[in-house]
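Participant: Test case, fold it:
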Amino acid sequence: MEGRNSQQKGHRFGLHRVLEPEGLLPQPAWRLDPRPVCHDNELLIDAIRLNIDSASFNQLKEEAGGDPDGVKKRILEIVRERGKMHNPVTGSGGMMIGQVAEVGSAFPDRKIRPGDRIATLVSLSLTPLVLDSIQSVDLATGQVEVRGQAVLFASGPFAVLPEDLPENLSLAVLDVCGAPAQAARLVKSGQRVTVLGAGGKSGLLTLYQARKQAGRDGFVLALESRESACGELRSLGLADQVIQVDARDPVAVLEAVETATEGRLSDLTFNCVNVPDTELSAVLATRDGGIVYYFSTAVRFTQAALGAEGLGKDVHMMIGNGFAPGHADLALNILRESPELRELFASRYRVTTG
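Facilitator: Here you go, the predicted model:
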């Protein structure tokens, strides 16, 4: 119960949960203590559904040969071994929704109550987690229905789930809500903006916000490898041009962007692709002095930095921080503002809109 005097004190950043190696913060640590015991500054959550991040889920599917039971088995193994859903190959996690079971007596948000349904807005790679079972794995969306318990630290942001959107739709959007929030910060009126991987979740939301920020005088370019996704992008009308191109082919990307921008390249490029080897495509798409924003967790930053150096490209490279104040509301409001985008998300996640 809230206010329980017997609750042990916990560290704000979760250091008390780190088992191996000691002294690290929970995200880079190899193993956490996931015991479902609520410390004074924690939330204890009954886990309902995980949203494995796109790069991680893509890797898990490939490893399992597309077998959902194989994916399920591997997720259970990782969580059992590490005390969190931290993919050792991609280094990434995802996020989750659940129902608050217990509120620590010193938890900073005094409005949250047991029974509230929330989405954690921090990575599963730092979230202590115990899974009793996995009910289902959706190979199309990366969402996993589970039974278990998780812990949120005092420093961890979260969002109470809205009542006007289905939970799995909210989960999908909140998983990538940092991307459109950064587009809102970075894109200026009249700029040329390119979105790599524009047909995925983060790409679509980023594209919408980029179009909104760049305005009529701006130029927004959507690059996507899948033909079906290109068709969806054209129907949405959010980009001035939609080009089908493999983001792993940097020369093809450069040629596409040069043609579309008459050689001027992009002022700002967002990399939202969920596979490796797209780092230099984003660099080549961007003019000298421009910004490359790497939102994808599949990006290898050493390759990006050294590759840009080798290409003689003077671009500003930004790591995709999934947190920004107000990012959850901004992303959810995109679905409220755009019935067409909401309908597309709903079709992907097989929910009805009303």
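Participant: Low-confidence stretches in the stretch 1-150 of the chain?
Facilitator: The stretch 1-150 of the chain contains residues with pLDDT under 70 at 1-6.
Participant: What ranges does it have for its strands?
Facilitator: Ranges of strands within the stretch 1-150 of the chain are 18-20, 31-32, 43-52, 94-103, 117-120, 129-137, 143-152, based on DSSP state E, counting those that start in this stretch.
Participant: among the ones you listed, which is the most enclosed?
Facilitator: The highest average neighbour count among the strands of the stretch 1-150 of the chain, using mean count of other C-beta atoms under 10 Å, belongs to strand 43-52 at a mean of 24. The C-beta positions use only the backbone N, C-alpha and C, and glycine is treated the same way.
Participant: chain center to stretch 334-348, what's the gap?
Facilitator: 18 Å (C-alpha atoms, centre = their mean, to the nearest Å).
Participant: For that stretch, buried residues please.
Facilitator: Of all the residues in stretch 334-348, those buried under the rule 16 or more other C-beta atoms under 10 Å are 334-335, 338, 341-342, 344-346.
Participant: sorry, back to before: got the strands of the stretch 1-150 of the chain as a markdown table, with distance to residue 168 columns?
Facilitator: As requested, those are exported to a markdown table (distance: least, C-beta to C-beta, whole Å):
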| stretch | distance to residue 168 |
| --- | --- |
| strand 18-20 | 32 |
| strand 31-32 | 26 |
| strand 43-52 | 7 |
| strand 94-103 | 8 |
| strand 117-120 | 11 |
| strand 129-137 | 11 |
| strand 143-152 | 6 |
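Participant: among those strands, which is nearest residue 321?
Facilitator: Ranking the strands of the stretch 1-150 of the chain by proximity to residue 321 (C-beta to C-beta) places strand 94-103 first, at 14.4 Å.
Participant: which helices and strands sit right next to the closest one?
Facilitator: strand 43-52, strand 117-120, strand 143-152, helix 167-174 (3 or more C-beta pairs under 8 Å, 6 or more residues apart in numbering; DSSP states H and E).
Participant: Serialize the ones you listed to a markdown table and add fields for distance to residue 91.
Facilitator: Formatted as a markdown table, the helices and strands packed on strand 94-103 follow (distance: least, C-beta to C-beta, whole Å):
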| stretch | distance to residue 91 |
| --- | --- |
| strand 43-52 | 13 |
| strand 117-120 | 18 |
| strand 143-152 | 19 |
| helix 167-174 | 21 |
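Participant: out of these, nearest to residue 246?
Facilitator: strand 43-52 (23.5 Å).
Participant: tell me the angle of that closest one relative to strand 129-137?
Facilitator: 40 degrees (axes from the mean of the first three to the mean of the last three C-alpha atoms, to 10 degrees).
Participant: how many degrees apart are strand 43-52 and strand 143-152 in direction?
Facilitator: 150 degrees.
Participant: all helices for the protein, in order.
Facilitator: Counting by DSSP state H, one finds helices in the chain at the ranges 54-63, 68-82, 167-174, 178-186, 201-214, 227-236, 250-260, 279-284, 301-311, 327-337, 339-348.
Participant: and the longest one, what does it pack onto?
Facilitator: Put plainly, it is helix 68-82. Helices and strands touching helix 68-82, as assessed by 3+ C-beta pairs under 8 Å, 6+ apart, comprise strand 31-32, helix 54-63, strand 129-137, strand 143-152.
Participant: Mind giving me the packing neighbours of the second one?
Facilitator: The criterion is 3+ C-beta pairs under 8 Å, 6+ apart, and the helices and strands that helix 54-63 contacts are helix 68-82.
Participant: Not counting the helix it packs on itself, show me its contacts.
Facilitator: With C-beta atoms under 8 Å, 6 or more residues apart in numbering as the contact definition, helix 68-82 has outside contacts at 30-32, 34, 50, 52, 57, 60-61, 63-64, 85-88, 129-131, 134, 136-137, 139, 144, 148.
Participant: And for stretch 307-322?
Facilitator: 121, 123, 176-179, 182, 279-280, 283-284, 286-297, 299, 301, 304-305.
Participant: Between the two ends of it, how far is it?
Facilitator: 24 Å (C-alpha to C-alpha, to the nearest Å).
Participant: Show me what counts as buried in that stretch.
Facilitator: 307-308, 313, 315, 317, 320, 322.
Participant: So residue 176 is in contact with residue 209, correct?
Facilitator: No - with contacts counted by C-beta atoms under 8 Å, residue 176 stays clear of residue 209, the gap being 11.6 Å.
Participant: Only C-alpha atoms, please: export stretch 25-40 in PDB.
Facilitator: Below are the C-alpha coordinates for stretch 25-40, written out as PDB (Å, rounded to 0.1, in the frame of the first residue of the first chain):
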ATOM      1  CA  LEU A  25      23.600   2.600 -13.900                       C
ATOM      2  CA  PRO A  26      20.800   0.200 -14.700                       C
ATOM      3  CA  GLN A  27      20.800   0.600 -18.500                       C
ATOM      4  CA  PRO A  28      24.500  -0.400 -19.200                       C
ATOM      5  CA  ALA A  29      24.500  -3.000 -16.400                       C
ATOM      6  CA  TRP A  30      24.400  -6.600 -17.400                       C
ATOM      7  CA  ARG A  31      21.900  -7.800 -14.800                       C
ATOM      8  CA  LEU A  32      19.300  -6.200 -12.500                       C
ATOM      9  CA  ASP A  33      17.500  -7.400  -9.400                       C
ATOM     10  CA  PRO A  34      13.900  -7.700 -10.700                       C
ATOM     11  CA  ARG A  35      12.200  -8.900  -7.500                       C
ATOM     12  CA  PRO A  36       8.700  -7.500  -7.400                       C
ATOM     13  CA  VAL A  37       9.200  -5.700  -4.100                       C
ATOM     14  CA  CYS A  38       8.400  -2.000  -4.100                       C
ATOM     15  CA  HIS A  39      11.000   0.300  -2.700                       C
ATOM     16  CA  ASP A  40      10.000   3.700  -1.300                       C
END
